[in-house]
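S.K.: Make a model of this:
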Amino acid sequence: MPNPTEAPESPPAVMAFNAADPSGAAGLAADQAVCAAVGCHALPVTTSIWVRDTAEIFDIVEIEADAVIEQARAVLEDVELASWKVGFLGSVEVVSAVAELLADYSQVPLVTYVGNLQVFDESQAEEYIKAMQELVLPQTRVLCGNVTALTQFLFPDVEREEPPTPEALMHQAQGMGVQYLLVTGILVPENHVENVLLSPRRQLLRERFEMFDAGFSGAGDTLSAAVAALLGTGAKLDQAVHEGLEFLDQSLDFAYRPGMGHLVPDRFFWAQTSPEADDDSISPVGLQ
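M.R.: Numbers count the residues shown, from 1 in each chain. Next up is the predicted model:
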C-alpha cells in the first residue's frame, strides 16, 4: 500500500480571487479547472457569487471583505504560494482588502484579468475601476484582457471611434504600475485575431489565431489562469504566455455547450480522444 508520508512533492499552488460561477463556465470554476489541467494546485478564494447561466449574469451576491480575507489568510498560513490570479473582486471594499493582502506577498507574481463589467451600473463600474487602478494594478506583473475590456478599464473617460493600439494601452497601464500587458482579441484581416504581449519598451510576443465563429463564456478566465499557473511552475513570461495562448486555443477548439447559452472551453481537451488530434497536441506534461 502507498505510504502517505512518502507522497510526491506537491504541485505549485496558485491562489485565485474570483467570483463563484454556478454555471461552471467562468470565474473560480475556470480557474480551478485550468490549474488542475496544467499541473498546479488551485487555492480558490470566493470574492462574490454570480447568479447566472451559460448565457448571462443576472445578479451578484456580494461577500464581505473580511470574509474574503479570512478565506485567503487561513490557507496562506498553511500552503506555500507560487503565483496569484485576480479576477472579479465584486466590490470596492474587497478590492481594497485584497490589495492590502497582496502587498504582504509582493515577491509572488500576480496576473490580473480584466473582464466585462456590464454587471455593474455606470457609477459602480467607475468606482470599481478606480479602486483597481489605484490599488491592484501597481502590484500587477501581467495585466490581461481583450482589447475592448482593456480600453474600458484603462481609458474609462475617453470615447473612441477606434480602439487604441496595444502600445497606447501599455503606456497607460505602465503609468498605473503594470509591468507587462497581454492584449487579446485584436481583429486582423482574413478572419483572424492577434494577441500581443508587451513590456513598456517593446512587443515581446505577437501570435495570430483563426477566429472562432461562436460565443464563449470563460475564455478570458481560462487564459489568465493558465498564464498565472504556468508562471507558478517557473516558466518565463514569454513561454507562459505562448503556452497559455495555445492552451486557450485548443480549449476553445474542443468547447462544448452544456446549456442553451454560450460554449464553454474544455480545459481538459488533452484527455479527449479525437481522430483529428495530432501528436503535437498540448498535454499536461507539455505544459510543465
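
S.K.: is it true that residue 71 touches residue 28?
M.R.: No - the criterion here is C-beta atoms under 8 Å, and residue 71 misses it with residue 28 at 11.3 Å. Heads up, the C-betas are built off the backbone N, CA and C, glycines and all.

S.K.: ranges for the strands of the stretch 1-150 of the chain?
M.R.: 13-20, 41-52, 57-62, 83-86, 110-113, 142-146 (DSSP state E, counting those that start in this stretch).

S.K.: Could you dump those strands into JSON lines with distance to residue 211 and mean pLDDT added?
M.R.: Formatted as JSON lines, the strands of the stretch 1-150 of the chain follow (distance: least, C-beta to C-beta, whole Å; pLDDT from 0 to 100):
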{"stretch": "strand 13-20", "distance to residue 211": "26", "mean pLDDT": "98"}
{"stretch": "strand 41-52", "distance to residue 211": "25", "mean pLDDT": "97"}
{"stretch": "strand 57-62", "distance to residue 211": "24", "mean pLDDT": "95"}
{"stretch": "strand 83-86", "distance to residue 211": "25", "mean pLDDT": "98"}
{"stretch": "strand 110-113", "distance to residue 211": "21", "mean pLDDT": "98"}
{"stretch": "strand 142-146", "distance to residue 211": "12", "mean pLDDT": "98"}
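
S.K.: Deepest in the core, which of those strands is it.
M.R.: Ranked by mean neighbour count under mean count of other C-beta atoms under 10 Å, the strands of the stretch 1-150 of the chain are led by strand 83-86, which reaches a mean of 28.

S.K.: Show me what it is packed up against.
M.R.: strand 13-20, helix 92-103, strand 110-113, helix 219-232 (3 or more C-beta pairs under 8 Å, 6 or more residues apart in numbering; DSSP states H and E).

S.K.: got the contact list for the biggest helix by length in the chain?
M.R.: Looking across the chain with DSSP state H, the single longest helix is helix 237-253. Identification of contacts with helix 237-253 by C-beta atoms under 8 Å, 6 or more residues apart in numbering yields 34, 37-38, 141-142, 180, 182, 195, 197, 204-205, 207, 209, 212, 216, 219, 222-223, 226-227, 230-231, 235, 263, 265-267, 269-270, 281-282, 286-287.

S.K.: try stretch 18-25
M.R.: 26-31, 44-54, 60, 85-88, 90, 217-218, 221, 258-259, 261-262, 264.

S.K.: go on, stretch 174-189?
M.R.: 133-134, 137-148, 150, 154, 166, 169-170, 173, 193-200, 204, 208, 211, 220, 223, 227, 237, 241.

S.K.: now do stretch 196-207
M.R.: By C-beta under 8 Å, 6+ apart, the residues outside stretch 196-207 that reach it are 166-167, 169-171, 174, 179-183, 186, 194-195, 237-238, 241-242, 245.

S.K.: Likewise for stretch 38-45?
M.R.: 10-18, 28, 31-32, 35-36, 68, 71-72, 75, 79, 81-82, 226, 229-230, 232-233, 247, 284, 287-288.

S.K.: what do you get for stretch 58-65?
M.R.: With C-beta under 8 Å, 6+ apart as the criterion, stretch 58-65 contacts 19, 46-52, 90-91, 93-94, 96-97, 119.

S.K.: and the residue minimising distance to the centre of the chain, what does it touch?
M.R.: Closest residue to the average C-alpha location of the chain: residue 224 at 2.7 Å, with C-alpha atoms, centre = their mean. Going by C-beta under 8 Å, 6+ apart, residue 224 touches 85, 87, 111, 112, 113, 144.

S.K.: Now it. Nearest residue, chain neighbours left out?
M.R.: Excluding the flanking residues, the one nearest residue 224 by C-beta to C-beta, 6 or more residues apart in numbering is residue 113, at 3.6 Å.

S.K.: Kindly provide the distance from the one you found to residue 192.
M.R.: Distance, residue 113 to residue 192, by C-beta to C-beta, to the nearest Å: 23 Å.

S.K.: ditto for residue 169
M.R.: Distance, residue 169 to residue 192, by C-beta to C-beta: 20 Å.

S.K.: Which one's more surrounded, those two?
M.R.: Just comparing residue 169 and residue 192: by other C-beta atoms under 10 Å the higher neighbour count belongs to residue 169, 24 against 12.

S.K.: buried residues in whatever helix or strand that one lives in?
M.R.: Per DSSP states H and E, residue 169 falls inside helix 166-175. Residues 166, 169, 170, 172, 173, 174 are the ones in helix 166-175 that count as buried (16 or more other C-beta atoms under 10 Å).
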